[in-house]
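> Below are the sequence and a predicted model; questions follow.
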Amino acid sequence: MAGTLYLVATPIGNLEDITYRAVRVLKEADLIAAEDTRNSIKLLNHFEIKKPMTSYHEFNRFDKAEILIEKLMQGENIALITDAGTPGISDPGEVLVAMCVDRGIDVVPVPGAVAGINALIASGQPTSKFVFEGFLPKDKKEKAETLERLGNETRTMILYEAPHRLVKTLRELSLALGEDRSLTICKELTKKHETFRKTTFKEALRMYDDEENAPRGEYVLIVAGKSRQEIEMEKKAFWEDISIEEHLKRYIDEGMSKKEAVKKVSEERDIPKREVYAVSVKFS
């Protein structure tokens, strides 16, 4: 019988955050696949876990996945760990998981810390609806498309960023979302210098202008989504720039019936239906 791939969450800073189950699974696994074996050996030594380790990272995620799957098919149980937190989140583990699922190999999550969720719940931003974005794309075109999409996102956004790119990312998000948009900058989660700073892009960029406040550590950005009030104001501003006839034509061209278009235009412009209907007679 095939073995099992265990996705083992490890601490994101404080070693006390590891679970009893995670330690047991790591001790019982036949092999531990780690994103960075040099980093993970410190964790394993701390908990006296002595098991064979192999590297599984961004640059070997496809070729090494085939080797790991072969071992799983031979009956070995493999524990996958990332540098910190839950494997598969902004992590090459998603490739191995997808390939295991496609081949009918059991995948078992061993839950624990996730930086994005811990940052979200302590951020002071809305938590009922949120979207995880991870790191912004490196490709310029893809990044531009992502920023444009995020500019209209109504859910709270979770992003990751490294210290040397933080200021650039804040500037790009400020341009796309507006300098007054609320965000919480979360730093060094669960570690000694853990901080949560609720601010705006404008204030954050002003703060990092000071060389003494150069970004250090790993960051999670929790960004408020576009508010309903903001959306309504933008719609109103747009409709004020076009005539009732142009407004109607827009919806009729999209496939609405004249009756539906009249009703929608009346609601959006906050004017009587009869006023819109009088213009609609121009449309057959």
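Now that the structure is in, tell me what you want to look at.

> looking at the sheet around residue 10, what are its partners?
Beta bridges link residue 10 to residue 85 when assigned by DSSP bridges.

> Find the least confident helix or strand in the protein, judged by mean pLDDT.
Ranked by mean pLDDT, DSSP states H and E, the weakest helix or strand in the chain is helix 228-240, scoring a mean of 79.

> helices or strands next to it in the packing?
In terms of contacts (3 or more CB pairs under 8 Å, 6 or more residues apart in numbering; DSSP states H and E), helix 228-240 is packed against helix 258-269. C-beta here means a position set from N, CA and C on the backbone, and glycine is covered the same way.

> contacting residues around the helix it packs on?
Helix 258-269 has contacts (CB atoms under 8 Å, 6 or more residues apart in numbering) with 235-236, 239, 244, 247-248, 251-252, 256, 272-273, 275-277, 280, 283.

> Now the two most distant members of those.
236 and 283 (23.4 Å; CB to CB).

> Can you show me the strands along the stretch 101-250 of the chain?
Ranges of strands in the stretch 101-250 of the chain, per DSSP state E, counting those that start in this stretch, are 106-110, 130-134, 156-161, 182-187, 195-200, 219-223.

> Switch these over to a markdown table; also include mean pLDDT and mean neighbour count.
As requested, the strands of the stretch 101-250 of the chain are arranged in a markdown table below (pLDDT from 0 to 100; neighbours: other CB atoms under 10 Å):
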| stretch | mean pLDDT | mean neighbour count |
| --- | --- | --- |
| strand 106-110 | 98 | 15 |
| strand 130-134 | 97 | 16 |
| strand 156-161 | 98 | 21 |
| strand 182-187 | 98 | 22 |
| strand 195-200 | 97 | 14 |
| strand 219-223 | 98 | 24 |
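
> could you dump those strands to a markdown table with distance to residue 35?
Formatted as a markdown table, these follow (distance: least, CB to CB, whole Å):
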| stretch | distance to residue 35 |
| --- | --- |
| strand 106-110 | 16 |
| strand 130-134 | 15 |
| strand 156-161 | 15 |
| strand 182-187 | 21 |
| strand 195-200 | 25 |
| strand 219-223 | 18 |
